[in-house]
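Asks: I would like the atomic coordinates for the input below:
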Amino acid sequence: MLFATTFVMLQTPATGFAQGGLVRRKNTMSVIGQSFAGVIIGCLMWYIWGYSLTFGPDVGNGFIGDPTTYAWFENVDAHDCLEGQTIPHLLFAAFQMTFALMVPVRVSTDVPSFSFSHYFVGCVWLGVTVACDLFLLR
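Replies: Numbering: from 1, shown residues only. Sure, this is the predicted structure:
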């Protein structure tokens, strides 16, 4: 599981390189830079509230998780396993994060002419929060 997490984590910015070939030459560096920036922003969001919204105890009839349970990875232990799982809780959180990070990479290629701006950060924030935390991984 640790190797799978590592490979997917390496695949995420590499997708930015691959998709840099799909845009005009003048936008290639923008797409690569945005994919790396999106990975950083997505990691921070996952660490602060994303994991808790996705895998926290249900609030609101199972639509969203409790944002305070795992906020800042407070109750995520590196040695204990979740109920019904055989992998450590921290490794499970990291593995799920790698798939949540695919959203910023996709956002960066959908709008290649954006430089790193508040529009791009807003798109990444909205994409990771809505698509991954609320719908995809729930």
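Asks: Torsion angles phi and psi at the closest residue to L82 other than its chain neighbours?
Replies: Nearest non-adjacent residue to L82, counting by CB to CB, 6 or more residues apart in numbering: H89, 5.5 Å away. Where C-beta positions appear, they are placed from N, C-alpha and C, glycine not excepted. For H89, the backbone dihedrals (degrees, to the nearest 10) come out as phi -60, psi -40.
Asks: number of nearby residues for H89?
Replies: H89 has 20 neighbours, counted by other CB atoms under 10 Å.
Asks: and if you look at W46?
Replies: W46, neighbours per other CB under 10 Å, totals 24.
Asks: Nearest residue to it in space, please, no chain neighbours.
Replies: Leaving out its chain neighbours, W46 is closest to M97 (CB to CB, 6+ apart), at 4.5 Å.
Asks: average model confidence for the helix or strand where that neighbour lies?
Replies: Per DSSP states H and E: M97 is located in helix 89-100. In this model, helix 89-100 has a mean pLDDT of 90.
Asks: How about stretch 64-80?
Replies: Mean predicted lDDT for stretch 64-80 stands at 89.
Asks: do the same with stretch 127-137
Replies: For stretch 127-137, the mean pLDDT works out to 70.
Asks: Ok, stretch 42-51 next?
Replies: 90.
Asks: and the end-to-end length of it?
Replies: Separation of the first and last residues of stretch 42-51 by CA to CA, to the nearest Å is 11 Å.
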